[in-house]
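K.L.:
sharing a model that was predicted from the sequence below.
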Amino acid sequence: MQTMIAKPQQVARQELELVTFRVGKLTFGIEIHHVKEINSHLVPTRAPHAHRAVLGVMNLRGDVITVVDLATLLKLPQRSEGARGKGVIVSVEGELVAVAVDQVEDVVTLERHELHPLPPNFRLGDSRVYQGVYPTEHGLVVLLDIVEAMEMHLQRESSSRS
């Protein structure tokens with residue numbers, strides 16, 4: 001007689017790991033696979049004729065990278081100059097970009113099924129850059145599609161130069 005032991009069914013969990021940060025009063029998250037590092041001291045050199053969301057460029061260990069003000073890019077209320085000293089260095093289609101934020105918070109792991117659609121009254125610029133919101137014990141985390149946000153920025157920049 002053969003004994004069969006029931007094994008718990010292996011269910012693949014669909015998790016997202018997000019780096020969270022604050023811009024103004026909002027908490028955003030971007031998928032961790034886009035993040036290369038956190039930089040606590042952004043000092044960009046202003047680039048002439050750059051898009052208004054570009055704070056400038058900086059040297060990152062021999063690479064010159066663009067520093068983008070996320071608040072300006074997303075059309076959020078402006079803050080004081082000192083509020084933009086921290087950055088999340090992301091890779092977007094092979095290019096490194098420093099995204100200036102107010103405060104880098106945590107890395108959080110969330111289940112995909114916990115993602116809620118944006119409320120209809122969520123009016124923060126182009127909704128294509130927002131993938132939804134996660135409720136957490138500390139408030140809402142807005143999931144940002146950093147690739148879409150940067151692509152929109154580059155499209156606006158190239159069309160404004162044409």
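P.N.:
Nice, thanks for sending it over. Numbering: from 1, shown residues only.
K.L.:
so what's the residue nearest to residue 119 when sequence neighbours are not counted up against?
P.N.:
Residue nearest to residue 119 in three dimensions, not counting chain neighbours: residue 133, with 7.6 Å by Cβ to Cβ, 6 or more residues apart in numbering. (Each C-beta comes from the backbone N, C-alpha and C, glycine too.) Residue 133 makes contact with 115-119, 122, 140-143 under the criterion Cβ atoms under 8 Å, 6 or more residues apart in numbering.
K.L.:
and residue 113, that's in a helix?
P.N.:
Yes: secondary structure of residue 113 (DSSP: H, G, I helix; E, B strand; the rest coil): part of a helix.
K.L.:
do I have it right that it meets residue 14?
P.N.:
Yes: with contact defined as Cβ atoms under 8 Å, residue 113 reaches residue 14; the gap is 7.0 Å.
K.L.:
which parts of the chain are helices?
P.N.:
Taking DSSP state H to define them, one finds helices in the chain at 70-73, 146-161.
K.L.:
where among those is average confidence lowest?
P.N.:
Ranked on mean pLDDT, the bottom entry among those is helix 146-161, at a mean of 70.
K.L.:
residue closest to the middle of this protein?
P.N.:
residue 30 (4.1 Å; Cα atoms, centre = their mean).
K.L.:
that one touches residue 144, doesn't it?
P.N.:
Yes: using Cβ under 8 Å, residue 30 makes contact with residue 144 at a distance of 5.2 Å.
K.L.:
contacting residues around the residue nearest to the centre of the chain?
P.N.:
Contacts of residue 30 by Cβ under 8 Å, 6+ apart are 18-19, 88, 90, 143-144, 146.
K.L.:
so for it, what's the pLDDT?
P.N.:
At residue 30, pLDDT is 97.
K.L.:
tell me how many other residues crowd the residue lying closest to it once chain neighbours are set aside.
P.N.:
Of all residues not flanking residue 30 in the chain, residue 146 sits nearest, at 4.6 Å (Cβ to Cβ, 6+ apart). Neighbours of residue 146 under the rule other Cβ atoms under 10 Å: 23.
K.L.:
list the contacts for residue 146?
P.N.:
30-31, 34, 90, 92, 99.
K.L.:
state the distance from it to residue 75.
P.N.:
Distance, residue 146 to residue 75, by Cβ to Cβ, to the nearest Å: 16 Å.
K.L.:
equivalent analysis for residue 64, please.
P.N.:
27 Å.
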